[in-house]
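Visitor: got a predicted structure here, sequence first:
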Amino acid sequence: MENMQYAEELVREFLVFRGFTNTLQAFETELSTDIGKAFQVDKILDLIFSVYVPKFQVEKLVGLLGFFKQCFSSSSETIVTATLSKLEVSILRYYIVHALQTGRKDKVVEFFGVNGNDLLQKGQDWTAWFAIPYLKNPHIDPQFRVYFTKEWYEALRLSVKNFFSEIFNGTRLPALLKISSEKNTVNRLKKDIKQLNVKLSQLQVLLEERDTQLCRLRNNAESITDANMGRTMISTPSSGMHEENLHLSTNTQETSTTAHVGETDPGQKWAVSVAAKSLSSTNASTPGYDASSPPTLVEDVSASDTIHMYYDGSHTEHGREMQREEDFPEVKIDYQDTFLGHTSPISRCRFSASGDNIASASVDGTVRIWTHDSATPASRNATIYCGAEIMSLDWECKSDRLLLIGTADGGIKAWNVDAKRVVCDLNTTEAFPSVLDLKCSPVEPIFVSAAASRGYGSSYIDSLGFASLTVWNMKTWKAMTVLPLGEDPPAITSLCFNHNGKILAASAVDGMIHMFDMSAGLQITGWPAHDSAISSILFGPDETSIFSLGSDGKILEWSLQNQGRILWSKNCSRYRDPETSKQFRHEMALDANGRQLLATSSSVRAPIYQVRGNTNGLKTLPHSAAITTVDWHPTLPVFLTGSADNSVRVTSIL
């Protein structure tokens, strides 16, 4: 019913336009009573049993029941109407019983005086009730005794609640209420069209630039080929010496090739970097070119005109393959929404367990709860002021009701999104004020906090001291136990539960991965995974592996069946700027299928890698600053990116 207010405005506008002022006045009068209570069951129950009956407002009670009977009076809902008629009889009898219990026989007489004729017309079972105000002890009379019991009242209230819950859950929305949703859809489509037009313009400019570069390469290749052919025609015995001294350095681990010449003029330089992609596009236009023949080495007549070509979109640097960022295709999106509710850089953003709600936090100590889907009720939207930098967020796994917030001053807050208030405000010990991560168990009502003491460095990692892992009970909101880490353990930066909550993985700034048995509260294994600090850790989709992201930009997938074995790896160090990385902790996120891995970036774009795939990675649409936090929707191909430009984006990909 989130579109109710918009529909009411449309009705007002129409009535004013047609000049139906009397109708408008009646509409406003009925709207002020809100007789239907927006089809909210709890409010209707309170209206009947806590307002109309205790205050003896029988006219309003009869009017409310008549209103609902009229709503469900269609021929296709005869069973519903019959059930409501039976409930109406019981509610009116409860009104009489309540009046007698409170000593207000006059209200019973008044009730029969006003509604007696209507009751007699409905059935003869009301006949005996006309004598009830004149009985001395009606509560012990065999005919009425059951209506005075507490069990009968509780059964009546439960029946009314179940009836309205079932009816309202299946109620078809009026077409007028669908207008708002359609309007939102149209606005979103217009926004998508605008973004696509901008993207099309950018692609057209890029295409023109690539065409210009391709023409220039072809012209250079043709001129050099012509010059080479001319030298071949007037070759001298010395050219044989040149051919003998010319050799090709081909290494299977490298993708670039260099030609060397023995005796050349100091003003000349021989060099060529060959790539199959550019070479084929250039030489294919040359007459007599054979695609199966090896690349031809050509002499460069100018030291400044070296031609650089690449194999399969990559080149080598110090003997190692490096994939260029521009070779990552831009992700194809279905739609993208931008949330601009924050006023400082984003530190964390997380989808709720169902994916309907989003929590995003900024370094100024505020958390915003919001939704990106117009079809989702926005009643849970809220702003939470924590008074310190937010360092961690996590939703309760079984529902969307609780959000845990960890701060830089040792605070852990539990926010109830239904009540819109903090239901518990915990504090770690003074020795460990930085709550770096929080993780709720997917099965039990517990969560684990990773807190750290203060360090003495200026960067994010160096500012962390020793670690403390605490298990908390979410029913009593008290600490249960502290997991053992040894003496003076390095700070724990990231936590992750397996599917049944029996195993907890934790990563540390010394590059170690720790595994804990939660039932025993003991560490069962651990191994050194990185030469640098680990900033994020995730279980693989089948939980036979675990992913770790080092502060050096290396992403490793470790086998849990053969400990120490690396199943897959990526190096995203080019997305790491040392200066930016000092200010925030990098993290990664896996999609629902575990096939795509999204990582944060010091650049305006973030990489999306295909896990164990042969295809190239993707890159996100750009923010205007570094991407500081990421997350995936729990079921859909939708991801979150939070940025240092204060924005959070929800992107649905094709």
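Guide: Thanks, I have the structure now.

Visitor: wait, Thr525 touches Gln563, no?
Guide: Yes. Counting by Cβ atoms under 8 Å, Thr525 touches Gln563, with 6.8 Å between them. Every C-beta, even on glycine, is put in place using the N, C-alpha and C of the backbone.

Visitor: name the residues of stretch 443-458 that are buried.
Guide: 444, 446-453, 455 (16 or more other Cβ atoms under 10 Å).

Visitor: out of the residues you listed, who's nearest Val198?
Guide: If you rank the buried residues of stretch 443-458 by distance to Val198 using Cβ to Cβ, Ala450 comes first, at 41.7 Å.

Visitor: next structured bit after the strand or helix carrying that closest one?
Guide: When elements are assigned from DSSP states H and E, Ala450 belongs to strand 446-454. Elements were assigned by DSSP H and E; along the chain past strand 446-454, the next helix or strand is strand 464-473.

Visitor: which residues touch that following strand?
Guide: The list of residues contacting strand 464-473 from outside it, by Cβ atoms under 8 Å, 6 or more residues apart in numbering, reads 412, 426, 428-429, 431-432, 434, 436, 445-455, 478-483, 485, 488-493, 506, 508-509, 516, 518, 521.

Visitor: what separation do you get for Ser223 and Cys215?
Guide: Distance, Ser223 to Cys215, using Cβ to Cβ, to the nearest Å: 13 Å.

Visitor: my error: substitute Ile79 in the last question.
Guide: For Ile79 relative to Cys215 (Cβ to Cβ), the value is 77 Å.

Visitor: and if you look at Phe49?
Guide: Phe49 is 82 Å from Cys215, by Cβ to Cβ.

Visitor: more neighbours: these two, which one.
Guide: A side-by-side neighbour count of Phe49 and Cys215, using other Cβ atoms under 10 Å, places Phe49 first with 18 against 10.

Visitor: if I look at that one, how far off is Tyr153?
Guide: 9 Å.

Visitor: which neighbours do the two have in common?
Guide: Joint contacts of Phe49 and Tyr153 (Cβ under 8 Å, 6+ apart) do not exist.

Visitor: what about the stretch 251-400 of the chain, any weak spots by pLDDT?
Guide: 251-327, 375, 377 (pLDDT under 70).

Visitor: right, and Leu119 touches Ala128 too?
Guide: No. Leu119 is not in contact with Ala128 according to Cβ under 8 Å; the separation is 11.6 Å.

Visitor: neighbour count winner among these two?
Guide: Neighbour comparison, Leu119 and Ala128: the larger count goes to Leu119, with 17 against 11 (by other Cβ under 10 Å).

Visitor: my read is Ser536 is in a strand, agree?
Guide: Yes. Assessed with DSSP: H, G, I helix; E, B strand; the rest coil, Ser536 lies in a strand.

Visitor: what about it, neighbour count?
Guide: Neighbour number of Ser536 under other Cβ under 10 Å is 23.

Visitor: any idea how far Ile412 is from it?
Guide: Taking Cβ to Cβ, one finds Ser536 at 20 Å from Ile412.

Visitor: same thing with Tyr456?
Guide: In this structure, Tyr456 and Ile412 are 25 Å apart, going by Cβ to Cβ.

Visitor: now for the host helix or strand of His514, which elements pack on it?
Guide: Counting by DSSP H and E, the element that carries His514 is strand 512-517. Strand 512-517 sits against strand 503-508, strand 522-528, strand 534-539, with contacts defined as 3 or more Cβ pairs under 8 Å, 6 or more residues apart in numbering; DSSP states H and E.

Visitor: of those strands, which approaches Val604 most closely?
Guide: Here strand 534-539 is closest among the helices and strands packed on strand 512-517 (Cβ to Cβ), at 19.8 Å.

Visitor: can you give the strand pairings for whichever helix or strand comes after the closest one, parallel or anti for each?
Guide: Later in the chain than strand 534-539, the nearest helix or strand by DSSP H and E is strand 545-550. In the sheet containing strand 545-550, its partner strands are strand 534-539 (antiparallel), strand 554-559 (antiparallel), by DSSP bridges.

Visitor: buried deepest among these, which one?
Guide: Mean neighbour count (mean count of other Cβ atoms under 10 Å) peaks for strand 534-539 among the strands paired with strand 545-550, with a mean of 23.

Visitor: that one - what's its average pLDDT?
Guide: When pLDDT is averaged over strand 534-539, the result is 95.

Visitor: now the angle from it to strand 512-517?
Guide: Interaxial angle, strand 534-539 versus strand 512-517 (axes from the mean of the first three to the mean of the last three Cα atoms, to 10 degrees): 40 degrees.

Visitor: need the contact partners of strand 534-539.
Guide: Taking Cβ under 8 Å, 6+ apart as the rule, strand 534-539 contacts 493-499, 505-509, 511-513, 545-551, 585-590.

Visitor: chain center to the longest helix along the chain, what's the gap?
Guide: Longest helix in the chain by number of residues, with DSSP state H as the criterion: helix 175-233. Here helix 175-233 is found 30 Å from its chain centre; the criterion is Cα atoms, centre = their mean, to the nearest Å.

Visitor: which elements pack onto it?
Guide: For helix 175-233, the elements it packs on are helix 4-18, helix 276-283, strand 333-339, judged by 3+ Cβ pairs under 8 Å, 6+ apart.

Visitor: contacting residues for Arg401?
Guide: 416-418.

Visitor: got the confidence number for it?
Guide: pLDDT at Arg401 comes out at 89.

Visitor: quickly note the distance from the residue nearest to the spatial centre of the chain to Ala361.
Guide: With distances taken as Cα atoms, centre = their mean, Phe351 lies nearest the centre of the chain, 3.2 Å away. According to Cβ to Cβ, Phe351 stands 14 Å off from Ala361.
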